[in-house]
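Novice: using only what follows, build the 3D model:
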Amino acid sequence: MLGSTAVCLAGCSGQASPAVPLFGAYFPSWLICLVAGVVGAVAARSLFIRLGIDDVLPWRLLVYTCLAAAIGFVMALVLYGR
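Specialist: Reported below is the predicted structural model:
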């Protein structure tokens, strides 16, 4: 019983959580990547509107949500290595 408990808690002893000190508080890195992804998707939408691509996109909500997720995931991989 004790051995199985130790195996389950082994993940807690690794490195510290990925937190970034910002404005005197520690923010999780995924939150920063999420905000960057949303800002990037909004910027891409404004670019798509100027180019006329937005009118022909099927399922716009899905496209922009996936674009925001992709930007956030790439940022997490490049900046934090996760």
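Novice: ok, residues contacting stretch 67-82?
Specialist: Stretch 67-82 has contacts (CB atoms under 8 Å, 6 or more residues apart in numbering) with P18, S29, W30, I32, C33, L34, A36, G37, V38, G40, A41, A44. Yep, even glycine has a C-beta here, placed from its N, CA and C like the rest.
Novice: strands along the protein, start to end?
Specialist: Per DSSP state E, the chain carries strands over the ranges 19-22, 25-28.
Novice: mind telling me which of those the model trusts least?
Specialist: Mean pLDDT across these is lowest at strand 19-22; the value there is a mean of 73.
Novice: same for it, what does it pack against?
Specialist: strand 25-28, helix 29-51 (3 or more CB pairs under 8 Å, 6 or more residues apart in numbering; DSSP states H and E).
Novice: name the residue closest to the centre of this protein, please.
Specialist: G72 (3.3 Å; CA atoms, centre = their mean).
Novice: how far away is it from C33?
Specialist: Distance, G72 to C33, by CB to CB, to the nearest Å: 4 Å.
Novice: ok, and the most crowded of the contacts of stretch 67-82?
Specialist: Using other CB atoms under 10 Å as the neighbour criterion, C33 leads the contacts of stretch 67-82 with 23 neighbours.
Novice: what stretches of the protein score poorly on pLDDT?
Specialist: 1-18, 82 (pLDDT under 70).
Novice: that older thread, skipping its backbone neighbours, what lies nearest the residue nearest to the centre of the chain in space?
Specialist: Distance criterion CB to CB, 6 or more residues apart in numbering; nearest residue to G72, sequence neighbours excluded, is G37 at 3.2 Å.
Novice: how many residues are close by A43?
Specialist: Neighbours of A43 using other CB under 10 Å come to 11.
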